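Student: I need the structure of the sequence given here:
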Amino acid sequence: MKIWLCILALLAFAAPARAATAPLVCGGVNDNAAIQAAIDAASSSATYAVGPVRVAGDLSATAKPCAIVGPMPTGDGIDLTGFPRFGNGSRVILADLVFTCRGAGMICLDALASKNVAFEDVTLIGDASDPPMIGLQEGNWAPGTNPAFPIVACCVNSHRGLQIWGSFTFAAANLVGAESTSFDDGSIVANVGAGRGIITGLANLVGGAGYANGTFRNVPLIQGSGWWANADITVSGGAVTSVNVTRQGREFAVGDVLTASGLGPGAGFSVAVASIGQFALVLDGQNHWGVNTGTRSQTIFDGLNAGSWPLDSYATFTEVNLNGGSIRGFGTATPVWLASLLGAEFHRVYIAAQHGQCLTLFDNNATNTPHNVALRLNVECEVWTAPSAEILLSGSNPAPALDGLALEDHASTVATAIFALDPGVAIPPRPSPITALSAPGATLAVHPAGNPALYAGPASAFAGLAALGWRK
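Tutor: A predicted model of the protein is given here:
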């Protein structure tokens, strides 16, 4: 008996107590205040300083989903940024919660800079009639480079049974500079597309007259429903002759007519948005898409203030792993976008794309970037619209490096190529800037039956892969 009493005493000492909280009961119409109050109570509780706190959903027969309603900023998303502790048992657990989310520009659940957040059986649905911008956001807002924001690493978060589904104008899940984060137990991240998104194509260039000849760099494109799109614009003979998008913006719709100022005294230039896109999962190690360091849900991707983390500068993105589950992009959405990742691993992950490609590997030679190194991609890629590719190589680096890439696909069903080159977003369409590709230590183990070619595009660009000896 004494032995058992000692064991129980040790267990009581070793395991921090969880804060007892009543289930979060929602009305299903606009529950922003109730949800935020529960989150704030957890982050300010004395228990959080020494152990885990839990915010759990209502499992009764009459339970309703918790409605997050926008648009920003009048209807803020839910702020999960108040959990900076790691170690000493401190963590927050969100469990058995169902959210719906709607409103232009919304970040539904914003966990930027929080650490050790556990999502257990959390469901988030983006409303197709009024889609939010981002479903779930995690990562760094200041990766240790600014003393005013002494956050060095983030986020050590876990996701078990997470399901994000519906329409999002940027991404269902967006991770920026994250570390040691995992998605397990059948997590599903899906974006079915939306009527707004980033610019992926332009059309109907009207050159105008009277402009100053030359090339103008990173000129803001104005008008339309969206914001924060930039382009390199070339003027010849007083008229605009080409528009090469350098920043793809947010919230644009097909048919938006764009123009620009600062090109000289001319008039009449315009160009139309021909196509848009979104993503299911974004893993951004270099702040390419721009994070703003505001408070609460003001940490939106407005692109106007990069805060203490300059755009396109690598800070950290290591060992973010997906085990099982699926990532799905439908309509105009691409399943996965990756940039400046080190050591990420997908293990038996199903990736479905309605068009295009399953994964986009982006490399624009960002400051301090390791490029995309030691990626282990054990996936099943399914794209059912030709032309299609398993991996699209994108970005302005003319010689991207894929050191240590390991690609294994047991049932590849892509129609065109394992690797393809992004032609860019421009008028007139520019050829891909990729002229060479190196992949020392890379291995390809793709399902042998009916595979497409290894690459699509100029053979010279793929010289670094030729040594692998893999062919159709």
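Student: could you use CA atoms for every contact and neighbour count after this?
Tutor: Noted.
Student: quick one: the strands in the stretch 201-350 of the chain, in order.
Tutor: 214-221, 227-236, 239-250, 257-258, 270-284, 321-323, 326-329, 333-339, 345-353 (DSSP state E, counting those that start in this stretch).
Student: right, so of the ones you listed, which gets closest to residue 170?
Tutor: Evaluated over those, closeness to residue 170 peaks at strand 270-284, with 4.8 Å, by Cα to Cα.
Student: neighbouring strands - and their directions - for that closest one?
Tutor: Next to strand 270-284 in the sheet, as set by DSSP bridges, lie strand 171-176 (parallel), strand 198-206 (antiparallel), strand 257-258 (antiparallel), strand 333-339 (parallel).
Student: mind putting the ones you listed into CSV with mean neighbour count?
Tutor: Compiled in CSV, the strands paired with strand 270-284 are given as follows (neighbours: other Cα atoms under 10 Å):
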stretch, mean neighbour count
strand 171-176, 28
strand 198-206, 20
strand 257-258, 20
strand 333-339, 27
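Student: minimum distance to residue 235: which of the ones you listed has it?
Tutor: Closest to residue 235 of these, according to Cα to Cα: strand 198-206, at 11.7 Å.
Student: ok, and what's touching that closest one?
Tutor: 169-170, 229, 240, 248-252, 268-278, 425-427 (Cα atoms under 8 Å, 6 or more residues apart in numbering).
Student: name only those of those residues that count as buried.
Tutor: Buried members of these, counted by 16 or more other Cα atoms under 10 Å: 169-170, 229, 240, 248-252, 269-278, 425-427.
Student: wait, residue 434 touches residue 396, no?
Tutor: Yes - Residue 434 lies in contact with residue 396 (Cα atoms under 8 Å); the separation is 7.3 Å.
Student: domains in the protein, by residue range?
Tutor: Domain assignment for the chain by automatic domain parsing gives 21-196+277-466, 206-276.
Student: please identify the most buried of the ones you listed.
Tutor: domain 21-196+277-466 (a mean of 21; mean count of other Cα atoms under 10 Å).
Student: before we move on, back to that, closest one to residue 104 among the strands of the stretch 201-350 of the chain?
Tutor: strand 239-250 (10.5 Å).
Student: could you list the low-confidence segments of the stretch 151-300 of the chain?
Tutor: Scanning the stretch 151-300 of the chain for pLDDT under 70 picks out 151-154, 292-300.
Student: low pLDDT regions in the stretch 1-150 of the chain?
Tutor: 1-21, 72-76, 141-150.
Student: mind jotting down where the helices sit in it?
Tutor: 2-14, 32-44 (DSSP state H, counting those that start in this stretch).
Student: which strands and helices lie in contact with the last one?
Tutor: The contact analysis (3 or more Cα pairs under 8 Å, 6 or more residues apart in numbering; DSSP states H and E) places helix 32-44 against strand 52-56, strand 66-69, strand 78-79.
Student: change it to 7 Å
Tutor: The helices and strands touching helix 32-44, judged by 3 or more Cα pairs under 7 Å, 6 or more residues apart in numbering; DSSP states H and E, are strand 66-69, strand 78-79.
Student: could you dump the longest one to CSV, C-alpha only?
Tutor: Right, the one you point to is strand 66-69. The C-alpha trace of strand 66-69 is given here as CSV (Å, rounded to 0.1, in the frame of the first residue of the first chain):
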residue,chain,number,x,y,z
CYS,A,66,-18.9,28.3,-33.5
ALA,A,67,-19.3,31.1,-36.2
ILE,A,68,-16.4,33.4,-36.9
VAL,A,69,-17.7,36.4,-38.8
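Student: partner strands of that strand, parallel or antiparallel?
Tutor: Strand 66-69 has these strand partners (DSSP bridges): strand 91-102 (parallel).
Student: and what of the shortest one?
Tutor: In the sheet containing strand 78-79, the strands it pairs with under DSSP bridges are strand 107-112 (parallel).
Student: send me the strand it pairs with as CSV with only the CA atoms.
Tutor: Extracted in CSV, the C-alpha atoms of strand 107-112 (Å, rounded to 0.1, in the frame of the first residue of the first chain):
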residue,chain,number,x,y,z
ILE,A,107,-7.7,35.2,-40.8
CYS,A,108,-10.1,32.8,-39.0
LEU,A,109,-7.7,31.4,-36.4
ASP,A,110,-4.5,33.4,-36.0
ALA,A,111,-1.8,31.6,-33.8
LEU,A,112,1.1,33.6,-35.1
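Student: angle of it against helix 32-44?
Tutor: Strand 107-112 and helix 32-44 are oriented at 10 degrees to each other (axes from the mean of the first three to the mean of the last three Cα atoms, to 10 degrees).
Student: please shift the residue numbers so they start at 35 in all later answers.
Tutor: I'll keep to 35 as the first residue from here, and by that count the last item is strand 141-146.
Student: quick one: distance of strand 141-146 to the chain centre.
Tutor: Distance, stretch centre to chain centre, for strand 141-146: 12 Å (Cα atoms, centre = their mean, to the nearest Å).
Student: how about stretch 79-89?
Tutor: With Cα atoms, centre = their mean, you get 29 Å for stretch 79-89.
Student: ok, now stretch 285-299?
Tutor: Taking mean C-alpha positions (Cα atoms, centre = their mean), stretch 285-299 and its chain are 25 Å apart.
Student: and for stretch 355-374?
Tutor: Relative to the chain's own centre, stretch 355-374 is displaced by 9 Å; criterion: Cα atoms, centre = their mean.
Student: quick one: mean pLDDT over it.
Tutor: Across stretch 355-374, the average pLDDT comes to 95.
Student: with just CA atoms, put that stretch into CSV.
Tutor: Below are the C-alpha coordinates for stretch 355-374, written out as CSV (Å, rounded to 0.1, in the frame of the first residue of the first chain):
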residue,chain,number,x,y,z
ASN,A,355,6.2,17.0,-40.7
LEU,A,356,3.0,15.6,-42.1
ASN,A,357,2.1,12.0,-41.2
GLY,A,358,-0.8,10.5,-43.2
GLY,A,359,-3.9,12.5,-44.0
SER,A,360,-4.4,14.5,-47.1
ILE,A,361,-4.0,17.9,-48.8
ARG,A,362,-6.4,18.9,-51.5
GLY,A,363,-6.7,21.7,-53.9
PHE,A,364,-9.8,22.1,-56.1
GLY,A,365,-11.0,24.7,-58.5
THR,A,366,-8.3,27.3,-58.8
ALA,A,367,-6.4,26.2,-55.7
THR,A,368,-3.0,24.5,-55.6
PRO,A,369,-2.5,21.9,-52.8
VAL,A,370,1.0,22.8,-51.5
TRP,A,371,3.4,25.7,-51.8
LEU,A,372,6.9,25.4,-50.3
ALA,A,373,9.8,27.9,-50.0
SER,A,374,13.0,27.8,-48.0
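Student: tell me what the spatially most central residue of the chain is bridged to.
Tutor: The centre of the chain sits closest to residue 316, judged by Cα atoms, centre = their mean, with a distance of 2.0 Å. Residue 316 forms beta bridges with residue 208, residue 371, as assigned by DSSP bridges.
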